[in-house]
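Participant: below are the sequence and a predicted model for it; my questions follow.
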Amino acid sequence: MAKAKTDGAADAEQGAAAAPVESVDSTLGYEQARDELIEVVRSLEAGGTTLEESLALWERGEALAKVCRRWLDGARARLDAALAESPDGPEAERA
């Protein structure tokens, strides 16, 4: 019987660790996501957290890194498009 309670507690802890990933707001700006990611990294580097807390922080950091990557990829695509359209862009330099 005690094992069932322990398993249930473990499931609850795993659910709590997974929650931060789903709660990352995809409308976060790049700077907001970056700043929060920096804080997550600082917390992980400082230590002193439980395994469950560390896993939750790690998952939150992964989700924030994805938000940052989307912003950076979008910025790169916009720059590439602007350079391709520009008469002074990379295409003009090669000609």
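Facilitator: In hand now; what should we look at? Numbers count the residues shown, from 1 in each chain.
Participant: make it CA atoms for all contacts and neighbour counts henceforth
Facilitator: OK.
Participant: mind listing what's buried along the longest helix anywhere in the chain?
Facilitator: When the chain is parsed with DSSP state H, its longest helix is helix 51-85. Using 16 or more other C-alpha atoms under 10 Å as the test for burial, helix 51-85 gives 52-61, 63-65, 67-68, 71.
Participant: and V40, what helix or strand is that in?
Facilitator: helix 30-46 (DSSP states H and E).
Participant: pLDDT of that helix, averaged?
Facilitator: When pLDDT is averaged along helix 30-46, the result is 97.
Participant: quick check: angle from that helix to helix 51-85?
Facilitator: Relative orientation of helix 30-46 versus helix 51-85 (axes from the mean of the first three to the mean of the last three C-alpha atoms, to 10 degrees): 150 degrees.
Participant: residues of helix 30-46 that come out buried?
Facilitator: Buried-residue list, helix 30-46, by 16+ other C-alpha under 10 Å: 30, 33-34, 36-37, 40, 43-44.
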